[in-house]
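> Kindly return the folded structure for what I paste below:
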Amino acid sequence: METHTKRRVLSGIQPSGKLTIGNYLGALRQWVAEQDTFDCYFCVVDLHAITLPQDPKQLLSKTREVAALYLASGLDPKKVTIFVQSHVPAHAELAWILTCLAPLGWLNRMTQFKDKAAKQNQDSIGAGLLNYPVLMAADILLYQAHAVPVGDDQRQHLEFTRDLAQRFNSLYGETFTIPEAMIPREGARIMGLDNPTAKMSKSESSEHHAVYLLDDPAKVKKTVMRATTDSYSAIKFSDDPERAGIQNLLTIYQTLTNSSRDAIENEFEGRGYGDLKRAVVTQINDLLLPLQARYNQIMGEPDYLDQILAQGAVKATQLAEVTLDNVKSKIGLLARKR
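The predicted structure follows:
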């Protein structure tokens, strides 16, 4: 099992749909904060995306878009490794080895699989959807990651990864680092603006469900001002399900301003929901305008983006193949002479 000077972090986002303010607050913002402290590997997980049907041209376009948004959000390629998952074949190879080790009962218990499968024709559900957690485990274990920044909805998958790593280590000897979850205290779970009882999703088709990172200021304002609230009047943080809409707006505002709950409640004391929404609009647009300017600059320099991803793939491959070769040796696969 490899030792590191810095603790290593691994995470990724699927290139499906449009990245939302929830993706930024729950993931990208945290990644940027980690890049000076940890040895960070961030991938665009395109192999995960194809567990559900994708339009090939759109998948190709979205892969570049997500990579550019990583950079536009503040990730520095001199500090972190940014790459595309499918550019490192070891991900798929380790995933197969771990699939052969993963008990079917473990996979059948995965909540996300049940939720996604329920939305499809049962005869058309691909095996990749069931095996999604195994590929995620391979992503993490390849790099001997100590920690994985995940949202609440990925906790179960990370527990699966930990269990699978411990199972392998028990059978074949110490091989994998057992990863821990990194979940931000605030902003880890941003809810839909049209339905604050469901997590904000980049694949949701509703027009006013989310603010997307590439929305213009007018679209941001229209979406936020239409956000679901309630019939109460006080602007207070609350765990009351009936106040989920206001709680969501306050969570977004708190995460963007880094203010305390008391300070925010004092700021909006005696004011109306419209005041809160306008304040949220201002904070979001203040964030997105410079991010979008940087994104447009990056997309205007395709050779630069290709170079970053190529360099990332080389570095990621070198590290991943050390783990993969060790795994193959442990389970008795004949080494290829090089």
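
> what's F83 sitting at in phi/psi?
phi -150, psi 170 (degrees, to the nearest 10).

> For it, give its distance to G272.
Using Cβ to Cβ, to the nearest Å, we find F83 at a distance of 47 Å from G272. To be clear about C-beta, it is placed using only N, CA and C from the backbone, and glycine gets the same treatment.

> Neighbour count for the two, which is higher?
F83 (24 against 11; other Cβ atoms under 10 Å).

> Which helix or strand contains the residue lying closest to I308 once chain neighbours are set aside?
Residue nearest to I308 in three dimensions, not counting chain neighbours: P77, with 4.8 Å by Cβ to Cβ, 6 or more residues apart in numbering. Secondary structure assigned from DSSP states H and E places P77 in neither a helix nor a strand.

> Can you give me the neighbour number for the nearest residue to D76 once chain neighbours are set aside?
With sequence-adjacent residues excluded and distances taken as Cβ to Cβ, 6+ apart, D76 is closest to Q35, at 6.2 Å. The criterion is other Cβ under 10 Å. On that basis, Q35 has 17 neighbouring residues.

> likewise K199?
Other residues within reach of K199 by the criterion other Cβ under 10 Å amount to 17.

> In terms of residue numbering, what are the domains of the chain?
Structural domains of the chain, as assigned by automatic domain parsing, span the residue ranges 8-183+301-331, 217-296.

> Could you give me the buried positions within stretch 64-74?
Under the neighbour-count criterion of 16 or more other Cβ atoms under 10 Å, stretch 64-74 has 64-73 buried.

> Where is the longest helix in the protein?
With DSSP state H applied, the helix covering the greatest number of residues in the chain is identified as helix 302-331.

> Give me the pLDDT for the residue nearest to D76.
In the predicted model, Q35 carries a pLDDT score of 94.

> Please report how far it lies from V9.
In this view, Q35 and V9 are 9 Å apart by Cβ to Cβ.

> show me where this protein has strands.
Secondary structure of the chain (DSSP state E): strands located at 8-13, 39-44, 81-84, 147-149, 180-182.

> Dump the ones you listed into a markdown table; add mean pLDDT as well.
Converted to a markdown table, the strands of the chain look like this (pLDDT from 0 to 100):
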| stretch | mean pLDDT |
| --- | --- |
| strand 8-13 | 95 |
| strand 39-44 | 97 |
| strand 81-84 | 98 |
| strand 147-149 | 89 |
| strand 180-182 | 88 |
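
> Could you point out which of those sits nearest D306?
D306 sits nearest to strand 81-84 of all the strands of the chain, at 10.5 Å, using Cβ to Cβ.

> What is the closest one packed up against?
Using 3 or more Cβ pairs under 8 Å, 6 or more residues apart in numbering; DSSP states H and E as the contact definition, the elements that strand 81-84 packs against are strand 39-44, helix 56-72, helix 302-331.

> helices and strands around the longest one, which ones?
I take that to be helix 302-331. Taking 3+ Cβ pairs under 8 Å, 6+ apart as contact, the helices and strands that helix 302-331 lies on are strand 39-44, helix 56-72, strand 81-84, helix 90-99, helix 132-142, helix 155-172, helix 273-299.

> Export only the CA atoms of the shortest one, formatted as CSV.
It refers to strand 81-84. The C-alpha atoms that make up strand 81-84 are tabulated as CSV, following Å, rounded to 0.1, in the frame of the first residue of the first chain:
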residue,chain,number,x,y,z
THR,A,81,-4.4,16.6,-12.0
ILE,A,82,-7.4,17.0,-14.3
PHE,A,83,-8.2,14.2,-16.8
VAL,A,84,-10.9,12.3,-18.6
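
> Parallel or antiparallel, list what pairs with it.
strand 39-44 (parallel) (DSSP bridges).

> Quick one: work out the angle between the partner strand and helix 56-72.
Orientation check (axes from the mean of the first three to the mean of the last three Cα atoms, to 10 degrees): strand 39-44 against helix 56-72 gives 150 degrees.

> Just the CA coordinates for strand 39-44, please, in CSV.
Extracted in CSV, the C-alpha atoms of strand 39-44 (Å, rounded to 0.1, in the frame of the first residue of the first chain):
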residue,chain,number,x,y,z
ASP,A,39,-2.7,15.8,-3.7
CYS,A,40,-5.8,16.2,-5.9
TYR,A,41,-7.0,14.1,-8.9
PHE,A,42,-10.2,15.3,-10.5
CYS,A,43,-11.6,13.5,-13.5
VAL,A,44,-14.5,13.9,-15.9
